[in-house]
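**Q** this is the structure alone, sequence omitted:
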């Protein structure tokens, strides 16, 4: 659906690009790091998402004629505009795999390109990765508590405009099973789901007639919304009548949906009525302001719910709403670069890097990732990034390198993974993470450290700037 | 940038549409109401936005061949799909003017169309109006405290994916002056702004050289970012050197930007240094996690700041992230419709309606809107919607009807207002609202009531359903 054009960016990227162009710095080789500073939802991990969309977007990113015509009204240099007309990203990208678990202050992705090219993709990169990672992480949290229950995204109507498109998609990476969002089903080949709105039933004089018409016209995956008038006295009894009529035609009612009231109570009562009518196979779906905490509570109450429809709180990544991912220069023109900050915690890390994940003999994550200069093939000691006396011996662990080249000379090197593949990969990685990192309250802190060599280089550069 | 196609919707809309189509209810005339239940940010008013985009989208909304091909794999009826192929919205829309102040549980917009058409536009309608109203309202709150200072939107990198496009646009309706978002500048003819990133300065060995190159290549509206190394010892002194060099060439440095640390302190110190150097005209811009509360505090401290750059908190509508706008059936097939809820407050209002805003002799809003059946030309008493004994005599007020026909037979009746026009209209309306409704803490509650006739009709229908 989306054809991002290269003016989908912040003005300052183009302004800086012109200066690089005019001052002969255009082709200076630069490395930028993508990472975030805080795991969303006060959680213990995040799920990295958006890489596939990003690479596809960058491969074809260009300034349209309309873009150039517009920019020519904004005080840009004529030669520079001629250059932009033929702009194409020709650099390399190194990245963690989409769907993997990632942590704060860890290099997740690096761009190696000319200054101009690296700068002109910053905004779209942050825009796509920050949001999809935010939503995939939220979905993953819901998935953890919902266990084997079916999870559906119903959020488009309350999403942040077309942000809803990528929200529905990212939710699948985090473990959702389907969405109500038709265009995302179309574009990403994922199951679409839906029932009926209250307005459908209101438009009839009689609830039973509404149910009958719906079951007749849409018998496949038929779900009846039972709370328009009175769930237990009207909705469920009418649904039972229709389910029996469907049986007579060799059809099966898939589920009833509850959208208001005390969901645990109504689910239990509905289950009882359905079972008494011999409709043990009819599932119960619920919706209405769900999030991971409400679902956790419903699960703990053993509410007989089979399908959770999650809307607003999922697709806007409530309560955070944004991931604070940043894009920082770490190398340019042959020189390692840092941005000094008042606190060491915000000082950036120089050089192109590799990140090693420590694993035990069984392949489980031990809870430590070490950031190293990319030429280091192994890390012996990982140092706390800003507490000078904290360090961890890691030489004896299996060390999995997380960053691999995913784009070279502007060409994507990895296949188009399906959302099902990304979700399966994500699940396999979350399974390797100890449960202490997955709890909602004060999760264990995954250690992200730096190698001795990277630490020494960083500290040397800090001294140099003083 | 956005070509919304008709599968940008929830599956259930299309499912319900098929039932209406097959059961002869396709052309039943329906009326749906758009309203929200809670004013965002615990505020006293909201700014209605998104109408222009919505009408343009609906005018051209259709199912593409790709959509139809996809839907044909999803168990839809062949004749119905043939109908969808030629789908076009041919109904009417009545609406409050874009930019006006609106309140909770007040009819803001009504759609009058066939059941199928009304249902097939629900999702895009809610998706566009909810989000833009959320952001225009946020922007308006920032504007209230920032008074005559310049407000710039810098949020695209942390926005919810392409939601950022409409966020930047809606911010202008709420009173912002410009955005860093280039494509929105292109598409809506609004000023774009931008300075430089820290990476620009880091890419040089020397801050002064970076400033000089930037000023040379981008002298118009030149803003220098001064906090990369040391604001007061390096950034400002270097900016002063460059400003003087620009003066010698007959140019003027527009501003310096602060992006970290205590903004009130650094703004004051920077102002002092600039003034001492005879650079009283150089403005001070600040950014870094701003919102209406931080800006209010900076203004109360009389920080010498001229330009506020607001990012994440603006474009994601923090902390709400979503407006809870709904779309409820109020009339169909010749019959008024209501949805009964456990509480009267959530029970919907039947009929096509008009909303009257009460004004005093000076044209100021007195703080009361009355919802009436559309045939009522005046309201004498407005009743509290769910507290039976609360009512207000309003016959003596000037009564401004808020809903007017903005689309007829699927054609937009209103012009394409510029964002500047919408912002000016919005400001004129906010100015008519007493300040008690605009404060952040426990604002005065604007009274939204219902006419005697509407109340009697609603109560009659509730009885009927019992």
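**A** Alright, I've got the coordinates. No experiment lies behind these values; they were computed from the predicted model shown. Numbering: from 1, shown residues only, chains lettered A, B, ... in the order given.
**Q** check what pLDDT the nearest residue in space to residue A:189 that is not next to it in sequence gets.
**A** Excluding its sequence neighbours, the residue lying closest to residue A:189 (Cβ to Cβ, 6 or more residues apart in numbering or on different chains) is residue A:418, at 6.7 Å. The way it works is simple: take the backbone N, C-alpha and C, and place the C-beta from them, glycine included. Among the per-residue scores, residue A:418 holds a pLDDT of 97.
**Q** quick one: residue A:291 and residue A:309, what's the gap?
**A** 12 Å (Cβ to Cβ, to the nearest Å).
**Q** before we move on, what about residue A:137?
**A** Here residue A:137 is placed at a distance of 20 Å from residue A:309 (Cβ to Cβ).
**Q** for residue A:29, same thing?
**A** As defined by Cβ to Cβ, residue A:29 lies at a distance of 49 Å from residue A:309.
**Q** which of the two has more residues huddled nearby?
**A** For residue A:29 against residue A:309, the residue with the higher neighbour count under other Cβ atoms under 10 Å in any protein chain shown is residue A:309, and the figures read 26 against 14.
**Q** a strand runs through the more buried one, doesn't it?
**A** Yes - for residue A:309, which was evaluated using DSSP: H, G, I helix; E, B strand; the rest coil, the result is membership in a strand.
**Q** look at it and report its pLDDT.
**A** According to the per-residue confidence, residue A:309 scores 98 in pLDDT.
**Q** again, but for residue A:313
**A** Residue A:313 is assigned a predicted lDDT (pLDDT) of 98.
**Q** now it: how far from chain B?
**A** Computed with Cβ to the nearest Cβ, to the nearest Å, the distance linking residue A:313 and chain B is 9 Å.
**Q** same question, residue A:100
**A** Going from residue A:100 to chain B by Cβ to the nearest Cβ gives 20 Å.
**Q** kindly report the same for residue A:440.
**A** In this structure, residue A:440 and chain B are 19 Å apart, going by Cβ to the nearest Cβ.
**Q** also residue A:259?
**A** From residue A:259 over to chain B the distance is 11 Å, taken as Cβ to the nearest Cβ.
**Q** that residue contacts residue A:287, doesn't it?
**A** Yes - counting by Cβ atoms under 8 Å, residue A:259 does reach residue A:287; the two are 5.1 Å apart.
**Q** contacts for the longest strand along chain A, please.
**A** With residue count as the measure and DSSP state E as the assignment, chain A has strand A:365-373 as its longest strand. If you take Cβ atoms under 8 Å, 6 or more residues apart in numbering or on different chains as the criterion, strand A:365-373 is touched by A:101, A:103, A:106-107, A:349, A:351-360, A:379, A:382, A:392, A:394, A:397, A:399, A:402, A:432-434, A:437, A:444, A:446-451, A:453-454, A:457.
**Q** let me see the mean pLDDT of it.
**A** Computed over strand A:365-373, the mean pLDDT rounds to 98.
**Q** equivalent analysis for stretch A:206-216, please.
**A** Stretch A:206-216 shows a mean pLDDT of 97.
**Q** list the contacts of it.
**A** Residues from elsewhere that reach stretch A:206-216 (Cβ under 8 Å, 6+ apart): A:196, A:200-201, A:203-204, A:222, A:224, A:228-229, A:234-235, A:238-239, A:241-242, A:245-246, A:251, A:253, B:15-16, B:19, B:22-23.
**Q** drop anything exposed from the contacts of strand A:365-373.
**A** For the contacts of strand A:365-373, a burial check counting by 16 or more other Cβ atoms under 10 Å in any protein chain shown picks out A:101, A:103, A:106-107, A:349, A:351-359, A:379, A:382, A:392, A:394, A:397, A:399, A:402, A:433, A:437, A:446-451, A:454, A:457.
**Q** not including adjacent chain positions, what is the nearest residue to whatever residue of the stretch 351-466 of chain A ends up closest to chain B?
**A** Among the residues of the stretch 351-466 of chain A, residue A:465 lies nearest to chain B; the distance is 6.7 Å by Cβ to the nearest Cβ. Computed as Cβ to Cβ, 6+ apart, the closest residue to residue A:465 that is not its neighbour in sequence is residue A:340, at 5.5 Å.
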